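Chemist: got a structure for you, letters missing:
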């Protein structure tokens, strides 16, 4: 990082300047991670009223912009393009999520940025990548899970359809985490060589990696891989979800025989211990476990089994997760004050290596920090004021 607008480094990525041209999706997930690791993330959005407007995420999404700054630029105007390139000249990372080819048409693509900043790490996130037959396809999380085999490997609903996932797995893991990991790898190389990188982050490629265990089995063995194929996909009763007396559920993942034996002893099903992987009696075993779990409430079973080497855990609703004492002990949630001083809870800096947040954080104001950022990038204050007057910058 360079310039008067720099912030004091903190966190594992302290001192890193990131320009984020996205608003939602995998790219925004990536920069949310980078910000929580200490990077100075600057969100670059369109000027209101000038051309197509970006999607505005809900106020609660992406931690409410915690730890980020904002600037609005008309990138279709030459002055706006030059302002962006001035910011990019002093940046370490640029993250964008336009359709393939758009940043080059705007004159802010990798080649344009690295002309003045050869060490830049430039990240283009897209659904299917910058090349290939699907590169021009529009898509969202469900589509990427579909083409990567994730949906087909999920246990079908009673109608026979693959279920809708309960989380945006593709955006968050196959996209956001994928991009953040690639950024960190590129930064490690740059630290040794001074060389930047262009990163073509395709969310569908990330799903491919998430599905590598199943795909590699097929590639190696040549056999079809379907739900119910193995222990992890529902073939055996020792790995599944069971209803309890209070219409809630527990997750049972007793793959190892010693854990399964403990479960059977607690449920009064000792006669089934030696039948754990007997394909001929899985329906009967599953019915016996289901009947036993219906004998008590979810929390009663958890009280008895969870800490007793059983691989049993409660299936928690979202509101239960938010009130979970284990997560509270690990400081998973913080209070955030918005610009009006209203307090809301949000997920904190929960991943390994992130600096713990204070119990209360202050969210950034909604307005732009254009003057601070552009003066820090080397533009004269009079020039910045002129750009604001003409509406190219906001």
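Modeler: Cool, got the structure. Remember, it's a predicted structure, so these values are computed and weren't measured experimentally.
Chemist: just the pLDDT at the residue sitting nearest the centre point of the chain, thanks.
Modeler: Residue closest to the average C-alpha location in the chain (C-alpha atoms, centre = their mean): residue 172, at 2.3 Å. We have a pLDDT of 97 for residue 172.
Chemist: which non-adjacent residue is nearest it?
Modeler: Among residues not flanking residue 172 along the chain, residue 29 sits closest, at 5.4 Å (C-beta to C-beta, 6 or more residues apart in numbering). The way it works is simple: take the backbone N, C-alpha and C, and place the C-beta from them, glycine included.
Chemist: gap between the one you found and residue 310?
Modeler: Distance of residue 29 to residue 310, given as C-beta to C-beta, to the nearest Å: 34 Å.
Chemist: next: residue 150.
Modeler: Using C-beta to C-beta, residue 150 is found at 28 Å from residue 310.
Chemist: which one of the two has more residues nearby?
Modeler: Higher neighbour count among residue 150 and residue 310: residue 310, with 25 against 21, using other C-beta atoms under 10 Å.
Chemist: element containing that one, please.
Modeler: For residue 310, there is no helix or strand it lies in under DSSP states H and E.
Chemist: how about it, what does it touch?
Modeler: Taking C-beta atoms under 8 Å, 6 or more residues apart in numbering, we find residue 310 in contact with 252, 254, 259, 262, 263, 266.
Chemist: ok, now how distant is it from residue 264?
Modeler: Distance, residue 310 to residue 264, using C-beta to C-beta: 10 Å.
Chemist: and residue 106, by the same measure?
Modeler: As defined by C-beta to C-beta, residue 106 lies at a distance of 63 Å from residue 264.
Chemist: which of these two has more residues huddled nearby?
Modeler: Neighbour count, other C-beta under 10 Å: between residue 106 and residue 264, residue 264 has more, with 24 against 17.
Chemist: mean confidence for the helix or strand hosting that one?
Modeler: Element membership of residue 264 [criterion: DSSP H and E] is helix 257-267. For helix 257-267, mean pLDDT is 97.
Chemist: show me where the stretch 151-300 of the chain has strands.
Modeler: For the stretch 151-300 of the chain, the strands defined by DSSP state E, counting those that start in this stretch cover 197-202, 239-243, 249-253.
Chemist: if you count contacts, what does the last one end up packed against?
Modeler: Which is strand 249-253. Judged by 3 or more C-beta pairs under 8 Å, 6 or more residues apart in numbering; DSSP states H and E, the packing partners of strand 249-253 are strand 239-243, helix 298-305, strand 312-314.
Chemist: what comes up buried for the first one?
Modeler: When burial is assessed from 16 or more other C-beta atoms under 10 Å, strand 239-243 yields the following buried residues: 239, 240, 242.
Chemist: ditto for stretch 268-282
Modeler: Using 16+ other C-beta under 10 Å as the test for burial, stretch 268-282 gives 269, 272, 275, 276, 282.
Chemist: report the distance from that stretch to the chain centre.
Modeler: Its chain's C-alpha centre and that of stretch 268-282 lie 39 Å apart, by C-alpha atoms, centre = their mean, to the nearest Å.
Chemist: please list the outside residues in contact with the lengthiest helix in the chain.
Modeler: As assigned by DSSP state H, the longest helix anywhere in the chain is helix 178-193. Outside helix 178-193, the residues that touch it by C-beta under 8 Å, 6+ apart are 16, 26-27, 29-30, 33-34, 92-93, 95, 119, 121, 123, 125, 195-197, 199, 201, 203, 205-206, 209.
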